[in-house]
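In: Got a predicted structure here, sequence first:
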Amino acid sequence: MSVKVKTKPFGEIEIQDKQIVEFPEGILGFEYIKKFIIMDSSEKSPFKWLQAFDEPDLAFVIIRPADFMIEYELVVAQGDLEAVGCASADDLLVFAIVTIPDNPSDMTANLQGPIIINPVTHIGRQAISLSDRYRVRHRILDEVKRATEGRG
Amino acid sequence: MLVLARKVNESIMIGDDVELIVIDIKGDQVKLGIKAPKKVTVHRKEIYDEIQQENIAAVSSEFKPEALRELSDFFEREKKERDGNDTKGRKA
């Protein structure tokens, strides 16, 4: 079934209701928002939108950690995996919320609170990383640089 | 808020399956042990606060949604440029 949804980047669009991801506990600071949709920003872009379903003005820019860093590893508590109905981290979609300051090249990704989504149950959650390698602000372009240096 | 006084090696139960044990006290620092089922997540409160603040910063950004395409192009260029330099470096 298709539903109409008002979005921050694209205005009103029509989506399939199976594109809706339930966040039973919302996102930290936005606990009242229980439904989100994920939208591509443009073709081939690594950036996507995590749009609140009932709040047109509330949309996060997100990116898959693997798109800008090498050797990213999701390390979260068993409780976080169970909350989305998943036994293994390998079966999840993982995103990091991107903060874009006035100078966009200083953009950072939040790897301390990764967004995990079970693509089967369509349940999502902001987990908390248990790895001491990951913080709330990783400079994305520095990570890209490190990734290529690491490969050389 | 419930306030309880405990000594080292004493503990409290939260519900039936979460136990909080005072392991050690040194000056103004208390070392706590937590026994809880795997499904119970335990984190320092500061981590929650930091993530929450970052979430709010992310949506408070003045960044215009229309500019994301440009930023994507910029990101890809940076990535390619690094890759390019990388290849040159290896050839030399």
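Out: Arrived safely.
In: Quick check: pLDDT value at residue 78.
Out: Using chain A here. As predicted, A:Q78 sits at a pLDDT of 90.
In: look at chain B instead
Out: The model's pLDDT for B:E78 equals 83.
In: Would you mind measuring from it to A:D40?
Out: Separation of B:E78 from A:D40 (C-beta to C-beta, to the nearest Å): 20 Å. Glycine gets a C-beta too; all of them are placed from N, C-alpha and C.
In: now do A:K8
Out: From A:K8 across to A:D40, the span is 14 Å (C-beta to C-beta).
In: before we move on, the earlier item: counting neighbours, go ahead and name the busier of B:E78 and A:D40.
Out: Taking other C-beta atoms under 10 Å in any protein chain shown, B:E78 and A:D40 do not tie; B:E78 has more neighbours (17 against 11).
In: Now do the SS call for that one.
Out: helix (DSSP: H, G, I helix; E, B strand; the rest coil).
In: show me the contacts for it.
Out: A:141, A:144 (C-beta atoms under 8 Å, 6 or more residues apart in numbering or on different chains).
In: hey, what's A:I20 bridged with?
Out: On the basis of DSSP bridges, A:I20 is bridged to A:I37.
In: Could you report the distance from it to A:I38?
Out: The value you get for A:I20 to A:I38, if C-beta to C-beta is used, is 10 Å.
In: hmm, who's touching stretch B:34-51?
Out: Contacts for stretch B:34-51 (C-beta under 8 Å, 6+ apart): A:28-29, A:77-80, A:82, A:110, A:112-113, A:126, A:128, A:136, B:17-21.
In: who does the host helix or strand of A:V5 pair up with?
Out: Using DSSP states H and E, A:V5 sits within strand A:2-7. Partners of strand A:2-7 in the sheet, by DSSP bridges, are strand A:11-16 (antiparallel).
In: Mind listing residues that contact the strand it pairs with?
Out: Contacts for strand A:11-16 (C-beta under 8 Å, 6+ apart): A:1-7, A:37, A:39.
In: and these, which are buried?
Out: Buried by 16 or more other C-beta atoms under 10 Å in any protein chain shown: A:5, A:7, A:37, A:39, out of those.
In: Where does pLDDT dip in chain A?
Out: Along chain A, segments meeting pLDDT under 70 span A:150-152.
In: counting contacts, what elements does the top strand by length along it pack onto?
Out: Ordering each strand of chain A by length in residues (DSSP state E) puts strand A:108-118 first. In this structure, strand A:108-118 packs against strand A:93-99, strand A:123-126, strand A:138-139, helix A:140-151, helix B:45-60, with contacts taken as 3 or more C-beta pairs under 8 Å, 6 or more residues apart in numbering or on different chains; DSSP states H and E.
In: Alpha carbons only: can I get that strand in PDB?
Out: Output of strand A:108-118 as PDB, limited to C-alpha atoms (Å, rounded to 0.1, in the frame of the first residue of the first chain):
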ATOM      1  CA  THR A 108      31.400  14.500  11.100                       C
ATOM      2  CA  ALA A 109      29.700  11.100  11.600                       C
ATOM      3  CA  ASN A 110      28.400   9.800  14.900                       C
ATOM      4  CA  LEU A 111      29.800   6.300  15.400                       C
ATOM      5  CA  GLN A 112      29.200   6.300  19.100                       C
ATOM      6  CA  GLY A 113      25.400   6.000  18.500                       C
ATOM      7  CA  PRO A 114      25.000   3.900  15.300                       C
ATOM      8  CA  ILE A 115      21.600   3.500  13.700                       C
ATOM      9  CA  ILE A 116      20.900  -0.200  13.300                       C
ATOM     10  CA  ILE A 117      18.000  -1.500  11.200                       C
ATOM     11  CA  ASN A 118      16.800  -5.000  10.800                       C
END
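In: before we move on, what SS does the closest residue to B:R69 other than its chain neighbours have?
Out: The spatial neighbour of B:R69 that comes closest, neighbours along the chain excluded (C-beta to C-beta, 6 or more residues apart in numbering or on different chains), is A:S42 at 4.7 Å. Secondary structure, three-state DSSP: A:S42 is coil.
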